[in-house]
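*Asks:* Show me how the following folds:
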Amino acid sequence: MIEASQTALIYERLREAVLSLELPPGARLSERSLEADYGASRTPVRAALMRLQSDGLVEREGRAWAVAPIDLDEVAAVGEFRESVEAAGVRLACERAADADVAAIAELLAAFPPDTDEAEGVRRGADFHIELASLTGNPFFSDAVRSCMTRLARTRWLEVRTPESRQQAWQEHSKILDAVRRRDADAAASLLIEHSRTTRDRLLQSLRADRRTFGAHGLRVVGA
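*Replies:* The predicted structure follows:
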């Protein structure tokens, strides 16, 4: 039981450090160092690293571990998948969502305006998309979107670095939700697709233009 709780604690702390880029792509991770840092044995440390590996956030390098590089092909592929899932989901949301549930997401947006900081911007942006998917009443939609958000979390930190980008995302979220409130499925899907593509394209362009930010091992470009 103690090892299970230690695994959960180590996993959450390492996950936050990786997603926030405190541990940058390509950073080496030593099991022994982590054991000392967390006062834990090898078993919970290794279990936490294996969970992070399943999230796509770390990878094995022989007997060692490293923070996984940001893979531009994966970013593009996940964005494409997410777009398809969310567009279908928002159409169902327009048909099925209760007014009270739509109002609850509106309150979520209002409670965290666009001048929030980067960390909160990432979390609340993910919450918006997951909650929007939950309006379908089908848990497979929200599970799929949550998985995509985990895969894209590090790049989303980069995307919301400027107040202007956070302002734009907040405005686009508001427009999507307004379309859902009006039960305008075509408009909601169109706005969501536009939001997804502009965000993805802006991010990929930024990453490709400044590969030096991540060093030699921090950015994986396949076929780019």
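*Asks:* contacting residues for Gln53?
*Replies:* Taking CB atoms under 8 Å, 6 or more residues apart in numbering, we find Gln53 in contact with Glu59, Arg60. All C-beta spots, glycine's among them, are computed from the backbone N, C-alpha and C.
*Asks:* Model confidence score at it, please.
*Replies:* According to the predicted model, the pLDDT of Gln53 comes to 92.
*Asks:* Mind telling me what element it is part of?
*Replies:* helix 42-54 (DSSP states H and E).
*Asks:* Show me which positions of that helix end up buried.
*Replies:* Neighbour-count burial for helix 42-54 flags Pro44, Val45, Arg46, Ala47, Ala48, Leu49, Arg51, Leu52 (criterion: 16 or more other CB atoms under 10 Å).
*Asks:* Isn't His173 up against Leu108?
*Replies:* No - using CB atoms under 8 Å, His173 is not in contact with Leu108, being 9.5 Å away.
*Asks:* Can you add distance to Phe112 and give the buried residues of helix 42-54 back as JSON lines?
*Replies:* Putting the buried residues of helix 42-54 into JSON lines (distance: CB to CB, whole Å) gives the following:
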{"residue": "Pro44", "distance to Phe112": "34"}
{"residue": "Val45", "distance to Phe112": "34"}
{"residue": "Arg46", "distance to Phe112": "37"}
{"residue": "Ala47", "distance to Phe112": "34"}
{"residue": "Ala48", "distance to Phe112": "29"}
{"residue": "Leu49", "distance to Phe112": "32"}
{"residue": "Arg51", "distance to Phe112": "28"}
{"residue": "Leu52", "distance to Phe112": "27"}
